[in-house]
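Peer 1: Take a look and give me a structure for this.
(one chain, ligands or ions: 1)
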Amino acid sequence: MQQVHQRERERMSVDGERLLERLEQLFTQLRRGLDDLNKQPLRECSPLMTSQLQKTSFKYRFIYEAIFYDGTQVCSNWPANLSLTPSPGREPDIKGPVYRYWLNTAEQPDDNLAGLMLGRGDFEVTTSRGHLSDAVDLPPGGSLLVVVDDDQRALPVLGQAQDWPPSPGWPPSDGEVVVTDYRVLYRLPTDNSDYQLVLSMPRADTSQYLSQLGWMLPGILLIALCLGALALHMARQRQSLGGELQGALRRGEFTVHYQPIVDLNTRQCVGAEALIRWRHADGTMTSPELFIPVAESTGQIRQLTDFVLQRTLEQLGPLLRANPQLYVSINLSACDVMVPRIGKVVARLLALHDVAPRQIAFEVTERGMVDVEIAKLKLQTLRDEGHRILIDDFGTGYSSLAYLQTLPVDCLKIDKVFIDALGYDAASSGVAPHIIRMAHALNLTVIAEGIEHEYQAQLLRSEGVSYGQGWLFDKPLNAHQFRERITGGRRQGPRRAEDQV
Ligand SMILES: Nc1nc2c(ncn2[C@@H]2O[C@H](COP(=O)(O)O[C@H]3[C@@H](O)[C@H](n4cnc5c(=O)[nH]c(N)nc54)O[C@@H]3COP(=O)(O)O)[C@@H](O)[C@H]2O)c(=O)[nH]1
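Peer 2: This next block holds a predicted model:
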């Protein structure tokens with residue numbers, strides 16, 4: 001039994017590490033959004049307040065809804081019919097010294113939209129659970145519980161409520177794991193005696209623990225971040241995720257998916273963005289939003305970028321040769337941009353697979369250009385070789401027209417936050433149209449990212465945007481699916497076993 005405990009504890013702890021990065025991003029944004037709202041002077045519902053709430057949700061991509069509620073009036077960044085605010089005035093589950101927490105806003109039935117909510121003063125912000133579920137899957141029967149009131153009450157953050165206490169021996173005195181006939185309960189260590197976090201899972205398939213733990217840890221951070229006790233923990237986790245990445249590369253757990261980029265007029269696919277995926281041996285996935293920052297900080301990103309390039313050309317080489325207009329864009333991180341290595345790697349692979357340089361584009365973010373002068377030189381070299389350079393996530397950094405003019409780039413990708421804003425902002429008053437006009441003035445091609453709705457595609461088209469990418473057209477596809485998308489099923493090269501992943 002001791003061994004089982006040890007094994008489960010280790011596995012859960014490893015999976016937890018993966019989530020901390022996401023949670024840090026998520027809850028930091030929620031708290032910052034609330035701090036911004038509390039700092040501004042408006043305290044009543046008005047068009048100005050609506051615009052303030054909208055600005056907050058644009059600025060912080062993890063904030064789904066921002067709400068003003070002073071006990072009498074309530075308004076949100078969304079129109080009333082789209083608001084998902086849980087009953088205004090509902091008592092918070094946890095009252096911290098600064099922030100209030102609603103751990104389970106279960107009134108919203110769609111789990112993708114239902115969210116955790118934080119409050120401060122007269123403002124509340126919610127986040128969609130989709131931001132957590134894309135990092136891990138919660139298998140049926142699993143729950144993340146926050147245990148309060150001296151182990152008397154267990155509130156489900158995710159999953160269903162559970163009978164409490166779960167076993168006669170609860171709370172465990174000899175460790176964090178309790179295994180009953182049907183369940184495994186893992187008590188996550190927190191630094192605060194006011195609450196405990198407990199992951200409760202059915203015993204049937206222990207391999208599912210990893211994904212279930214993923215769902216628990218959102219709660220961990222929710223509270224840990226609130227209390228500011230996480231820094232050390234994070235550092236340790238990053239270190240160990242870095243170790244895991246190395247093993248994952250060796251074990252071949254990474255794959256590449258391709259999200260089509262389409263011509264908004266014809267809806268034909270003109271290219272794709274290569275997106276790395278990490279599937280663990282037990283089938284659970286870790287989002288690149290979690291491991292890419294770690295790989296960047298450990299330097300392992302170089303190996304990942306090389307892997308993506310190599311796999312893209314292996315999987316799509318014949319397709320690219322047969323369709324010379326088609327291209328694939330590869331994401332570069334800062335350390336890929338700042339050193340000449342990537343140019344050599346891509347040149348070797350292109351020669352090997354007989355693919356033209358213009359069919360491999362590179363996406364760089366403003367964050368990826370730590371030293372703009374060096375970045376300019378390196379990007380120019382890639383451009384001179386025939387590669388197109390795309391600025392990714394445009395509008396979320398510090399770019400200005402002047403800055404853009406000096407960079408050797410071909411295309412701007414407008415970030416999803418601005419495309420989302422088109423949903424309830426007149427196109428003429430949103431940020432996207434300004435970016436589009438600016439790009440056109442500089443003769444840059446524009447690709448709009450994260451298009452989920454037809455009206456967004458129509459608006460963008462009417463603003464003169466030629467290309468788009470997003471779930472409205474396709475989610476990221478595996479190599480086989482992408483080839484089918486282009487060829488309509490006609491074979492243009494051998495099929496590989498790993499294509500199906
Ligand atoms: N340096 C590298 N970074 C990489 C690589 N592969 C991915 N990434 C970066 O990780 C971030 C998260 O990527 P991912 O989870 O793959 O998400 C991408 C799309 O799946 C998602 N997307 C696309 N359309 C939609 C949509 O309509 N709705 C919606 N909710 N999400 C959508 O957006 C992500 C693409 O983002 P971007 O790169 O900004 O275009 C991300 O930052 C990746 O860049 C890699 O190999 N190297």
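Peer 1: Let's verify the most centrally placed residue in the chain: helix, strand, or coil?
Peer 2: Central residue of the chain (CA atoms, centre = their mean): residue 289, 4.8 Å from the mean position. Classification of residue 289 using DSSP: H, G, I helix; E, B strand; the rest coil returns helix.
Peer 1: Residue 379 touches residue 391, doesn't it?
Peer 2: No: counting by CB atoms under 8 Å, residue 379 does not reach residue 391; the two are 9.9 Å apart. C-beta here means a position set from N, CA and C on the backbone, and glycine is covered the same way.
Peer 1: Of the two, which one has the most company?
Peer 2: The neighbour count for residue 379 versus residue 391, taken as other CB atoms under 10 Å, is higher for residue 391 (26 against 22).
Peer 1: Go ahead and confirm that one touches residue 409.
Peer 2: Yes: here residue 391 reaches residue 409: they are 5.2 Å apart, a contact under CB under 8 Å.
Peer 1: partners of the residue of the stretch 301-450 of the chain found nearest the ligand in the sheet?
Peer 2: Proximity of the stretch 301-450 of the chain to the ligand (CB to the nearest ligand atom) peaks at residue 331, 3.5 Å away. In this entry, residue 331 is beta-bridged to residue 363, by DSSP bridges.
Peer 1: Nearest residue to residue 119 in space, ignoring adjacent ones along the chain?
Peer 2: The shortest distance from residue 119 to any non-neighbouring residue, by CB to CB, 6 or more residues apart in numbering, is to residue 100 (4.0 Å).
Peer 1: How is the residue of the chain positioned farthest from its centre assigned, secondary-structure-wise?
Peer 2: Residue farthest from the centre of the chain, counting by CA atoms, centre = their mean, is residue 168 at 40.1 Å. Following three-state DSSP, residue 168 is assigned to coil.
Peer 1: and it, what is it in contact with?
Peer 2: Neighbour list for residue 168: empty [criterion: CB atoms under 8 Å, 6 or more residues apart in numbering].
Peer 1: how far away is it from residue 146?
Peer 2: Using CB to CB, to the nearest Å, we find residue 168 at a distance of 22 Å from residue 146.
Peer 1: what's the answer for residue 447, then?
Peer 2: According to CB to CB, residue 447 and residue 146 sit 42 Å apart.
Peer 1: Looking at these two, which one has more neighbours?
Peer 2: Taking other CB under 10 Å, residue 447 and residue 146 do not tie; residue 447 has more neighbours (29 against 25).
Peer 1: Give the bridge partners for the more buried one, please.
Peer 2: Under the criterion used (DSSP bridges), residue 447 bridges to residue 413, residue 467.
Peer 1: who touches it in this structure?
Peer 2: Applying CB under 8 Å, 6+ apart to residue 447 gives the contacts 261, 390, 411, 412, 413, 414, 465, 467, 468, 469.
Peer 1: Quick check: pLDDT value at it.
Peer 2: Note for residue 447: predicted pLDDT of 96.
Peer 1: again, but for residue 414
Peer 2: According to the prediction, residue 414 has pLDDT 90.
Peer 1: That one and residue 380: what is the separation?
Peer 2: Per CB to CB, residue 414 is found 23 Å from residue 380.
Peer 1: in this protein, what secondary structure element scores lowest on mean pLDDT?
Peer 2: helix 209-226 (a mean of 49; mean pLDDT, DSSP states H and E).
Peer 1: On the three-state scheme, residue 317 is what?
Peer 2: Here residue 317 is recorded as helix under three-state DSSP.
Peer 1: Tell me the pLDDT of it.
Peer 2: We have a pLDDT of 97 for residue 317.
Peer 1: and what of residue 266?
Peer 2: pLDDT, residue 266: 96.
Peer 1: same question, residue 62
Peer 2: At residue 62, pLDDT is 80.
Peer 1: try the one 3 residues further on
Peer 2: Model confidence at residue 65, given as pLDDT, is 85.
Peer 1: Need the phi and psi values for it.
Peer 2: Here the main-chain torsion angles of residue 65 (degrees, to the nearest 10) amount to phi -140, psi 140.
Peer 1: The spatially closest residue to it that is not a sequence neighbour: which element?
Peer 2: Leaving out its chain neighbours, the residue that sits closest to residue 65 by CB to CB, 6+ apart is residue 126, at 4.6 Å. Assessed by DSSP states H and E, residue 126 sits inside strand 123-128.
Peer 1: Can you tell me how far residue 60 is from residue 96?
Peer 2: Counting by CB to CB, the gap from residue 60 to residue 96 is 19 Å.
Peer 1: Neighbour count: these two, which is higher?
Peer 2: residue 60 (23 against 17).
Peer 1: Doesn't residue 78 lie inside a helix?
Peer 2: No: read with three-state DSSP, residue 78 is coil and lies in no helix.
Peer 1: For it, give me the pLDDT.
Peer 2: The score at residue 78 is 78. That number is its pLDDT.
Peer 1: So what does the residue nearest to residue 119 look like in phi/psi?
Peer 2: With angles defined as degrees, to the nearest 10, residue 100 sits at phi -110, psi 150.
Peer 1: residues touching it, list them.
Peer 2: 92, 94, 118, 119, 120, 124.
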